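Peer 1: coordinates for the following, if possible.
(one chain, ligands or ions: 1)
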Amino acid sequence: MAADVALSQALAYARDLKNLYEVARAREEDTVRAHDKLRAAYQQSLAYAVDLKKTHRRLQRSILQSLLGLANALEAKDEYTRGHSDRVAALARQLALEAGLTVRQADVIAQSGLLHDLGKIGVPEHILRKPGPLTQEEWTVMRRHPVTGSQIVAPLESFAEGALIVRHHHEREDGSGYPDGLSGETIPLGARVVAVADVYDALTSERPYRRGLTHAEALGRLAAEAGRTLDARLTTLFTDIVAHAPPEWPVRD
Ligand SMILES: [Fe+2]
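Peer 2: Model (predicted):
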C-alpha cells in the first residue's frame, strides 16, 4: 500500500516537473523570439539612421549648391563683378594646393571663394554699384558683408570651416582688416588664401571708375602688400603660380 502511495507521489512529481520544464521551455522560446524581434528592430533603426544621415548630407549639399547658384546669380547682374567669384575660387583652390593643403581643404576654400561676397546681398544696390569712392557711412554698410555672408552659410554644419573663411576674407596680415581685426596666423589659413586671390582678381578687374591693372602691375601691387596686408608666403606662392599659369587660367595679360 505504502509502495502504491510512493509511486503515485513520484508520478505526480514527475508530471509537475514535466509541466515546469514545458513552461520553462515555452518561456525560453518566447525570450528567443522577443530577442530576435528586438534585433530586427535594432537593425531596422540602424538602417533608418544611416538613411537619415545620407538624407541630411544630401540636403546640406543641395543647400550649398543653391547658395552657390544664388551667389552666381547675384554677381551675374553686375557686369563689373561677373565671374569674380568663379575666378577667385579657381585661383584660391590652386593656391591652397600649392600651399600643401589637402584636396578636401582646397575644395572647401574654393567653395568659400565662390561664396565669399554672398553677404553683399544685404548691401543696397546704390552702394554696391556706386560709380565712385564710398562715403564713410557707405563703407560701414559695405563692411558688414563678410558677417552677413557667414551668417547665411552658418546653418550648414558641414561647411563650418567655410563660414569662417567667408567671415574673415577681409582681415589683413597687420590687423587693419575687418570684421574682427585679426592679424597674422590668427586669421584662418583659408581666409588668407582667398584674400590673395580676391585682391589679385579685384586689381585686374575693370571698375566703373578705374581700368583693371595688367597682370604685371597687379603682381607689383601684391608684392607691395606681401607681409603688410597679405600673407607673405602665400603671396610669393601665388606669384609663382600665376607666372606659370596655363592659358585657360583666369589671369589677365
Ligand atoms: Fe568681400
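
Peer 1: wait, Gln111 touches Leu68, no?
Peer 2: Yes. Using C-beta atoms under 8 Å, Gln111 is in contact with Leu68, at 7.0 Å. Just so you know, the C-beta spots here come from the backbone N, C-alpha and C atoms, and that holds for glycine as well.

Peer 1: for those two, indicate the residue with more neighbours.
Peer 2: Remark: of Gln111 and Leu68, Gln111 carries more neighbours, 25 against 16, as counted by other C-beta atoms under 10 Å.

Peer 1: the closest residue to Ser205 other than its chain neighbours: which element?
Peer 2: Nearest in space to Ser205, with sequence neighbours left out and distances taken as C-beta to C-beta, 6 or more residues apart in numbering, is Gly212 at 5.0 Å. Here Gly212 is covered by no helix or strand, with elements defined by DSSP states H and E.

Peer 1: ditto for the one 5 residues further on
Peer 2: In the assignment (DSSP H and E), Glu217 maps to helix 215-225.

Peer 1: just the buried positions in the following helix or strand past that helix, please.
Peer 2: Remark: after helix 215-225, the chain's next helix or strand is helix 232-243, criterion DSSP H and E. Residues 234-235, 237-239, 241-242 are the ones in helix 232-243 that count as buried (16 or more other C-beta atoms under 10 Å).

Peer 1: do stretch 92-102 as well
Peer 2: Neighbour-count burial for stretch 92-102 flags 92-97, 99, 101 (criterion: 16+ other C-beta under 10 Å).

Peer 1: what's the answer for stretch 7-22, then?
Peer 2: Buried, per 16+ other C-beta under 10 Å, within stretch 7-22: nothing.

Peer 1: right, and Glu173 touches Thr235 too?
Peer 2: No. Using C-beta under 8 Å, Glu173 is not in contact with Thr235, being 9.2 Å away.

Peer 1: any residues in contact with both of the two?
Peer 2: Gly227 (C-beta atoms under 8 Å, 6 or more residues apart in numbering).

Peer 1: domain-wise, how is the chain divided?
Peer 2: 1-76, 81-243 (automatic domain parsing).

Peer 1: can I get those in TSV with mean pLDDT?
Peer 2: Putting these into TSV (pLDDT from 0 to 100) gives the following:
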stretch	mean pLDDT
domain 1-76	90
domain 81-243	94
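
Peer 1: which of those domains has the highest mean neighbour count?
Peer 2: The highest average neighbour count among these, using mean count of other C-beta atoms under 10 Å, belongs to domain 81-243 at a mean of 19.

Peer 1: from the contact counts, what lies against the longest helix seen in the chain?
Peer 2: Longest helix in the chain by number of residues (criterion: DSSP state H): helix 2-76. Judged by 3 or more C-beta pairs under 8 Å, 6 or more residues apart in numbering; DSSP states H and E, helix 2-76 is in contact with helix 84-98, helix 103-115, helix 145-153.

Peer 1: give me the helices and strands touching the first one, please.
Peer 2: For helix 84-98, the helices and strands in contact under the criterion 3+ C-beta pairs under 8 Å, 6+ apart are helix 2-76, helix 103-115, helix 189-204, helix 232-243.

Peer 1: wait, which of those is closest to Thr135?
Peer 2: Evaluated with C-beta to C-beta, those place helix 189-204 nearest to Thr135, the distance being 19.9 Å.

Peer 1: now do that closest one against helix 215-225, angle only.
Peer 2: Interaxial angle of helix 189-204 relative to helix 215-225 (axes from the mean of the first three to the mean of the last three C-alpha atoms, to 10 degrees): 140 degrees.

Peer 1: what packs against helix 189-204?
Peer 2: helix 84-98, helix 103-115, helix 160-168, helix 215-225, helix 232-243.

Peer 1: export the helices and strands packed on helix 84-98 as TSV, with columns for distance to Pro131.
Peer 2: Shown next, in TSV, are these (distance: least, C-beta to C-beta, whole Å):
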stretch	distance to Pro131
helix 2-76	18
helix 103-115	26
helix 189-204	16
helix 232-243	29
